[in-house]
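Novice: Give the three-dimensional model of this entry:
(chains A and B)
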Amino acid sequence: AQKVTQAQTEISVVEKEDVTLDCVYETRDTTYYLFWYKQPPSGELVFLIRRNSFDEQNEISGRYSWNFQKSTSSFNFTITASQVVDSAVYFCALSEVYNFNKFYFGSGTKLNVKP
Amino acid sequence: ETGVTQTPRHLVMGMTNKKSLKCEQHLGHNAMYWYKQSAKKPLELMFVYSLEERVENNSVPSRFSPECPNSSHLFLHLHTLQPEDSALYLCASSETGGSGEQYFGPGTRLTVT
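Specialist: As a prediction, the model looks like this:
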């Protein structure tokens, strides 16, 4: 069965520190997509990145980077030089390609960045 | 308006009331979703509409009734709710198929008294 695990419930860092949010997934599908979302205190989930199962290249976007490793079924997210505005809950999700885009969300990691 | 909008943003209702939540997407998508987010619980998928047909009903109690009159609008009709139904209700939209990311609205914070 499909499952996404975010073992870190809450992380606190001081501004400018680097922080990595872990995501481990389970699926029997060979084709799938992985996502990260950010949920600031306002409540709206903001899409950050999508990765398909055939593309294991790491990606960097500004201070954000993602490390996808199929061998360990992990899709970790690193924020470099964290800022207070990064404080939010971050969700990792897995989608089934053949099932109308049904998402399986992890339970989220709350990131607190202190000044 | 752009993206996904939801109204109202906040709603307080009694257990005997009937109310509706509205979601509208301006992205040209053809799949829409209702999620429930309770405190300290994972996001729960409630309903999925694809091409205006309901394709998923995740064992949601009948006091929640969805309606999708067209690909841009989604409603969630509420009646005789319970206090445990208090939560943030999020609407999302996407292209059909498994590859598209879902775009979320800001949510409706519902409190049942």
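Novice: show me where chain A has strands.
Specialist: A:3-5, A:10-14, A:19-21, A:24-26, A:32-39, A:46-52, A:59-61, A:64-69, A:74-79, A:88-96, A:103-105, A:109-114 (DSSP state E).
Novice: Now distance to chain B, mean pLDDT and mean neighbour count too, for the ones you listed, in a markdown table please.
Specialist: Any C-beta I mention is one placed from the backbone N, CA and C, and that applies to glycine too. Output for the strands of chain A, formatted as a markdown table (distance: least, Cβ to the nearest Cβ, whole Å; pLDDT from 0 to 100; neighbours: other Cβ atoms under 10 Å in any protein chain shown):
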| stretch | distance to chain B | mean pLDDT | mean neighbour count |
| --- | --- | --- | --- |
| strand A:3-5 | 9 | 94 | 16 |
| strand A:10-14 | 11 | 97 | 13 |
| strand A:19-21 | 16 | 98 | 18 |
| strand A:24-26 | 14 | 97 | 16 |
| strand A:32-39 | 6 | 94 | 22 |
| strand A:46-52 | 5 | 92 | 16 |
| strand A:59-61 | 14 | 87 | 11 |
| strand A:64-69 | 14 | 94 | 16 |
| strand A:74-79 | 14 | 97 | 20 |
| strand A:88-96 | 5 | 93 | 23 |
| strand A:103-105 | 4 | 90 | 22 |
| strand A:109-114 | 10 | 97 | 17 |
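Novice: Any idea which of the ones you listed gets closest to B:Ala92?
Specialist: Nearest to B:Ala92, of all those, is strand A:103-105, at 8.5 Å by Cβ to Cβ.
Novice: strand partners of that closest one, parallel vs antiparallel please.
Specialist: Paired neighbours of strand A:103-105 in the sheet (DSSP bridges): strand A:88-96 (antiparallel).
Novice: Tell me what angle the partner strand forms with strand A:32-39.
Specialist: Strand A:88-96 runs at 160 degrees relative to strand A:32-39, counting by axes from the mean of the first three to the mean of the last three Cα atoms, to 10 degrees.
Novice: Can you give the contact residues for strand A:88-96?
Specialist: Residues outside strand A:88-96 that contact it (Cβ atoms under 8 Å, 6 or more residues apart in numbering or on different chains): A:2-4, A:6, A:21, A:23, A:25, A:27, A:29, A:32-41, A:45, A:75, A:77, A:101-106, A:108-111, B:43, B:98-99.
Novice: And it, how far out from the chain middle?
Specialist: 5 Å (Cα atoms, centre = their mean, to the nearest Å).
Novice: sorry, back to before: and the strands of chain A as JSON lines, adding distance to B:Val48?
Specialist: JSON lines is the format used below for these (distance: least, Cβ to Cβ, whole Å):
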{"stretch": "strand A:3-5", "distance to B:Val48": "18"}
{"stretch": "strand A:10-14", "distance to B:Val48": "30"}
{"stretch": "strand A:19-21", "distance to B:Val48": "27"}
{"stretch": "strand A:24-26", "distance to B:Val48": "20"}
{"stretch": "strand A:32-39", "distance to B:Val48": "16"}
{"stretch": "strand A:46-52", "distance to B:Val48": "18"}
{"stretch": "strand A:59-61", "distance to B:Val48": "28"}
{"stretch": "strand A:64-69", "distance to B:Val48": "26"}
{"stretch": "strand A:74-79", "distance to B:Val48": "23"}
{"stretch": "strand A:88-96", "distance to B:Val48": "12"}
{"stretch": "strand A:103-105", "distance to B:Val48": "10"}
{"stretch": "strand A:109-114", "distance to B:Val48": "25"}
